[in-house]
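**Q** Build me a model from this:
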Amino acid sequence: REIVATVDSNLCFSLLRMLDCFLEPFQPQEGRVVSERRLQALPQLLDAWFVFALVWSIGIVVDDDGRSKFDQWLRAQMQAHGLQPLFPAAEDLTVYDFRLSNEGDGSDEQAEEPNEEPIAVHWQRWTDSIGTVQVDPKADYSSIIIPTVDTVRYSHVLEKLISHKKQVLCVGPTGTAKTLIVSDKLIRNMPAQYQTNFMSFSARTSANQTQDMIDAKLDKRRKGIFGPPLGKTAVLFVDDLNMPALETYGAQPPIELLRQWMDHGGWYDRKNIGAFRQLVDITFVCAMGPPGGGRNPITKRLTRHFSFLGFTELSDSSKRTIFRPILQAYLASLPGDFAPALTEPIVGSTIHVYNRIAQELLPTPAKVHYTFNLRDLSKVFQGMLMAEPAPLEDKASVLRLWYHECSRVFRDRLINDADRAWFDARVEHQLREAFGLDWAAVVPRSPVLYGDFLEPSADTKKYVELPELGKVKQIMDESLDDYNANTTAQMKLVLFQDAMAHATRISRIIRQPLGNALCLGVGGSGRQSMTRLAAYMAGFDCFQIELSKNYGVAEWREDLKRLMKRAGLQNESVVFLFSDTQIKAESFLEDINNILNSGDVPGIYDAAELDEIYAAMKSFVQAAGLSPTKANLMAQYCRRVRSNVHLVVCMSPIGEVFRARLRQFPALVNCCTIDWFSEWPDEALRSVASTLLRDVPDMNDDALVAGLVESFVDVHQSVIEQSRRFQVELNRVNYVTPTGYLELISTFSKLLGRKRQELVRLRKRTATGLEKLLQT
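**A** Alright, predicted model coming up:
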C-alpha cells in the first residue's frame, strides 16, 4: 500500500532523475576529467545504479508491509535476470538497508591518497558508517542528534537529489521524523553553497503569504530575475505542504503558486502589475502527511515535479538507538553504580508504554487531541534530563522521576478517570515486569510532582521532587502574595491540590527551551490564573494582549512584533498567554502556528526592523562560525524567539470549532505539551467554598460554615449529575463550569449581605418606632 497516491509515470520519472544524479559526474564539462578506472567500471556500475534508483524511487513510496513484499520481489527479479551485485541474504535486513560501496562519482579519487585500484562494487550496510555516539548530558536537548539507519540513508538520498537540483517530497505519517531529519540535514550537513530557508503551511496559509515569504528570502540579481546571492543555491523547505484549505473550486492557492514556479520558472509581481519575477537557483524540499485529519490530497500536476521519499514509522530498535545514548549519558552522572543498568529497561519500558498508548488511546470527536507521535516520546527523556542528579540515590527515585515524566507527557492530556486508571495500570505493569518493583515502592504518595521553585531566590534553579503538598502550598501562597503586591490586577486564588498540580505542570513546561503549553478546560477552571502564577514563580514576564472594540489584525501584529523583539533582540524569556476568547480573526491562530513552528511570522517586519535584527545577530552568528548571510542572521533570531517565547494557549474543548482548529493548525498539538483541566473534585469545591465563606462578615460559626460548604458541593454535583441525565435522555448538553460554582457562592454572599442589611434596616425602623411611642 502506498503512503500517498502516486502516478506510475511520475515514479518512472523519479527513477530516471535518480539515475541522472549518478550519470551527471560522467557528463563532459570544462575542468572535469573522468578517470579510466571509472570508465572501465561503468558497465558494472549501471546495473547497481539502476537497482539503487529502483529501490529509492519506486520502492520507497510504500508502507512497511509493502517494503517487505518489494524486498522479496526485487531479490527474485535480480536472481532471474542476473543483475549484479546481489544483495546479501539476511533475515532481518531488506534491500532498503544497503547502499553501494562505491557510487562511481570519483569521491575516492579526491582524497590525499587517491585510490588507483579497479572499482569493485558491492552492497554494504548503511549502519557501517555510524560510529560510537557520545552525548554530553549538559548539552541543549534540542541540539542532540543521534544518527540511526533512517537518518543516514534519508540524508544521503536527500543530498544526492538536492545537489543535482531535483525537487524532493517527503511523505509519511505524523511522528516519523520527516521534519527532524530534513532540517538536520539542511542546517548542519549540506555544503556551504546551499542556503536553507524554512516555512510551514497551515489551513489558513494563502498564496499571497506564500509569495511574500519566498520573495523576502531572495535578492534581486538583475531586472526581473531574483535568487539567492551569487554562487549560492536556495533550498526552501516547506513543511505540511498539503495543509492549505481548498478554495471554492477545489484548488489550494499556495500549492498552485508553487506549481506555477515549477512550470514557468516564476510568478507575477503583485505590486508592479504585469511584471514577471523569474526565480533562479532554487530547490524545493517539501514534507507532508497522508490526506485526512485536516490534510488534503494535492494535485498530481504538482507532485509530478517531485521525487518522492517515503518515511515509515520508526522501528523500536531505531527508537532505542536514538534514546539509549541520551539516557545513558545522564544516568552515568548519577551517584552510585546502580543507574547505568537501568538504561535499557527504562528506554524499553518507555517505548512499550508509548506504543500501547498510540495503539489503544485513539482519537475520537471527544478526544481529538489523543494524537501521539515521536515528539511525545522524546519529551519524556527531555524531562528526565532536567532533573538534578544528586537526589536520585536509588532505583526507586529514578523510576519515580520516570513515572512523573511519563505522566506529564501522556497522562496529563487524558480527559477522564477511566483513561488515567488505564495509564497507571500500564505503568504499574512495567514497573513489576521490567524492574521487579511494586507500585507503592515507586509511588509512595500521590500526586508525584517535580519543580524548580523550592528556592525562589537561587541563581540556578534545581528541578527536584517536591515535598508534601503543605510545603508546596506555603511556597505558592508566598509567591501569590508577592504577585498581588507587585501588580494592580490582583488574583484571589484558592490553592487546592489540583490547582497546585496544574501550576507545577505549567511551571515545568515553561522552564524548558521550546516549552509551550496547550491548556484545555472549560471557562473558570483556572487555566489563566495558574499560568500567571507559574510565570511569576519562574521569574518570567507574562504577556497578554488587551482586546478593545477596534482591536484588529494590525494591532495584533504590532503586539506580536513587540513580543518577538523582546525575545529575539533583548533575549528575554516571556510567557505569552493567549485564550480562545481573544481570537477575533482566525489569522491570529495562523500567526501562532508559525511562531510555534519556526519562530517567525511572515511579512511582519519592515526593512528598517530587519536591518536592526541583522545588526544585532551578526556577532552571534560569527561566534558560531557561520557566515553572516541574511538567512543565517534571521535563522539565529528565529531560534532565539522560539527558545524564549513560551506560548500558553488556553482553549475550551467544547464544540466543533475546537476540533476544526486542531485539524487546521497542527502545531497546537505537535509543538505543545497538553494539560487537561478536569472538573473540580469535591476536595477543591470544599476548599474554595470554605475560603470564600471566611470572607463573609460575621460568619464565625464553624458548624454553620461546614454545613453551608457541604450544601454548595451537593448542589453543584447534583446539577452535574442531572446535566448528564439531561444529555442522555434528551441529547442536549448543559455545561456546568467552575465559574457557575463561584457565582453560586458569590450570589449567596451578596444575598446574605442584602438580607442582613434589610434586617438591620427593619430593626432600626422598629426601634425608632418604639422610641416614638415611648416618647408620646
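**Q** separation between the residue most central in space within the chain and residue 580?
**A** Residue closest to the mean C-alpha point of the chain, counted by Cα atoms, centre = their mean, is residue 671 at 2.0 Å. Separation of residue 671 from residue 580 (Cβ to Cβ, to the nearest Å) stands at 17 Å. Quick note: C-beta positions are derived from backbone N, CA and C, even for glycine.
**Q** rewinding a little: my guess is the residue nearest to the centre of the chain meets residue 595, correct?
**A** No - using Cβ atoms under 8 Å, residue 671 and residue 595 do not qualify as a contacting pair, with a distance of 9.2 Å.
**Q** Show the pLDDT at the residue lying closest to residue 296 once chain neighbours are set aside.
**A** Nearest residue to residue 296, sequence neighbours excluded (Cβ to Cβ, 6 or more residues apart in numbering): residue 242, at 5.3 Å. Per-residue pLDDT puts residue 242 at 89.
**Q** pretty sure residue 242 is in contact with residue 288, am I right?
**A** Yes - at 4.5 Å, residue 242 counts as touching residue 288 under the criterion of Cβ under 8 Å.
**Q** joint contacts of the two?
**A** In terms of Cβ atoms under 8 Å, 6 or more residues apart in numbering, residue 242 and residue 288 are both contacted by the residues 295, 298.
**Q** Where does pLDDT dip in the stretch 1-150 of the chain?
**A** Regions of the stretch 1-150 of the chain meeting the criterion pLDDT under 70 cover residues 104-117.
**Q** redo that, cut-off 50
**A** Across the stretch 1-150 of the chain, the ranges flagged by pLDDT under 50 are 112.
**Q** Can you classify residue 287 by secondary structure?
**A** Following DSSP: H, G, I helix; E, B strand; the rest coil, the label given to residue 287 is strand.
**Q** Pull the number of nearby residues for residue 153.
**A** For residue 153, the count of nearby residues is 21 (other Cβ atoms under 10 Å).
**Q** hey, C-alpha coordinates of the helix or strand harbouring it in PDB?
**A** Assigned by DSSP states H and E, residue 153 falls within helix 149-162. Output of helix 149-162 as PDB, limited to C-alpha atoms (Å, rounded to 0.1, in the frame of the first residue of the first chain):
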ATOM      1  CA  VAL A 149      19.900   3.900   9.900                       C
ATOM      2  CA  ASP A 150      17.000   6.100   8.900                       C
ATOM      3  CA  THR A 151      18.800   9.400   9.400                       C
ATOM      4  CA  VAL A 152      21.800   8.200   7.500                       C
ATOM      5  CA  ARG A 153      20.000   6.700   4.500                       C
ATOM      6  CA  TYR A 154      17.400   9.500   4.100                       C
ATOM      7  CA  SER A 155      20.100  12.200   4.500                       C
ATOM      8  CA  HIS A 156      22.300  10.500   1.800                       C
ATOM      9  CA  VAL A 157      19.400  10.300  -0.700                       C
ATOM     10  CA  LEU A 158      18.300  13.900   0.100                       C
ATOM     11  CA  GLU A 159      21.800  15.300  -0.500                       C
ATOM     12  CA  LYS A 160      22.100  13.400  -3.800                       C
ATOM     13  CA  LEU A 161      18.800  14.700  -5.100                       C
ATOM     14  CA  ILE A 162      19.200  18.300  -3.800                       C
END
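**Q** Can you tell me, leaving aside adjacent residues, what's nearest to residue 147?
**A** In this structure, residue 147 finds its nearest non-sequential neighbour in residue 130, 5.0 Å apart by Cβ to Cβ, 6+ apart.
**Q** Next, the one you found: phi, psi?
**A** Dihedral angles of residue 130 (phi, psi; degrees, to the nearest 10) stand at phi -90, psi 120.
**Q** Begin at 56 from now on, thanks
**A** Sure thing, new numbering starts at 56, so read that last one as residue 185.
**Q** And what about the residue lying closest to residue 348 once chain neighbours are set aside, helix, strand or coil?
**A** Leaving out its chain neighbours, the residue that sits closest to residue 348 by Cβ to Cβ, 6+ apart is residue 718, at 5.8 Å. Recorded secondary structure, residue 718: helix (three-state DSSP).
**Q** Quick check: residue 718 touching residue 351?
**A** No - at 10.8 Å, residue 718 does not count as touching residue 351 under the criterion of Cβ under 8 Å.
**Q** Distance of residue 280 relative to residue 274?
**A** From residue 280 across to residue 274, the span is 10 Å (Cβ to Cβ).
**Q** for residue 248, same thing?
**A** With distances taken as Cβ to Cβ, residue 248 is found 15 Å from residue 274.
**Q** Which parts of the stretch 656-805 of the chain are helices?
**A** Counting by DSSP state H, counting those that start in this stretch, the stretch 656-805 of the chain has helices at residues 662-678, 685-699, 711-719, 722-725, 737-749, 757-785, 793-830.
**Q** In JSON lines: those helices, plus mean pLDDT, mean neighbour count and distance to residue 216.
**A** Converted to JSON lines, those look like this (pLDDT from 0 to 100; neighbours: other Cβ atoms under 10 Å; distance: least, Cβ to Cβ, whole Å):
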{"stretch": "helix 662-678", "mean pLDDT": "89", "mean neighbour count": "14", "distance to residue 216": "28"}
{"stretch": "helix 685-699", "mean pLDDT": "85", "mean neighbour count": "21", "distance to residue 216": "21"}
{"stretch": "helix 711-719", "mean pLDDT": "88", "mean neighbour count": "16", "distance to residue 216": "31"}
{"stretch": "helix 722-725", "mean pLDDT": "87", "mean neighbour count": "22", "distance to residue 216": "26"}
{"stretch": "helix 737-749", "mean pLDDT": "87", "mean neighbour count": "18", "distance to residue 216": "57"}
{"stretch": "helix 757-785", "mean pLDDT": "89", "mean neighbour count": "13", "distance to residue 216": "55"}
{"stretch": "helix 793-830", "mean pLDDT": "90", "mean neighbour count": "12", "distance to residue 216": "55"}
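**Q** out of the ones you listed, which comes closest to residue 333?
**A** Nearest to residue 333 among those is helix 685-699; the distance by Cβ to Cβ comes to 20.2 Å.
**Q** The closest one versus helix 662-678: what angle between them?
**A** Relative orientation of helix 685-699 and helix 662-678, computed by axes from the mean of the first three to the mean of the last three Cα atoms, to 10 degrees: 90 degrees.
**Q** Now for the nearest residue to residue 719 once chain neighbours are set aside, how many residues are close by?
**A** Using Cβ to Cβ, 6+ apart and skipping residues adjacent in sequence, the residue nearest residue 719 is residue 258, 3.3 Å away. Neighbour count for residue 258, taken as other Cβ under 10 Å: 22.
**Q** that's a strand at residue 258, yeah?
**A** No - applying three-state DSSP, one finds residue 258 to be coil, outside a strand.
**Q** got a pLDDT number for it?
**A** pLDDT, residue 258: 84.
**Q** Please tell me how far it sits from residue 433.
**A** Distance, residue 258 to residue 433, using Cβ to Cβ: 26 Å.
**Q** got it, and residue 451?
**A** Note on residue 451: its distance to residue 433, by Cβ to Cβ, is 25 Å.
**Q** For those two, indicate the residue with more neighbours.
**A** Legend: neighbour count by other Cβ under 10 Å for residue 451 and residue 433, higher for residue 433 (21 against 16).
**Q** Tell me how far that one lies from residue 317.
**A** Distance, residue 433 to residue 317, using Cβ to Cβ: 34 Å.
**Q** circling back: quick one, which of residue 280 and residue 274 is more surrounded?
**A** Between residue 280 and residue 274, counted using other Cβ under 10 Å, residue 280 has the larger neighbour count: 15 against 12.
**Q** Identify the residue spatially nearest to that one, adjacent ones excluded.
**A** Excluding the flanking residues, the one nearest residue 280 by Cβ to Cβ, 6+ apart is residue 333, at 4.9 Å.
**Q** The one you found looks like it's in a strand, true?
**A** Yes - membership of residue 333 in a strand is supported by three-state DSSP.
**Q** Which residues are in contact with it?
**A** Applying Cβ under 8 Å, 6+ apart, we find residue 333 in contact with 279-281, 320-321.
**Q** Sort out which of those residues are buried, if you could.
**A** Burial by neighbour count, 16 or more other Cβ atoms under 10 Å: within these this picks out 281, 321.
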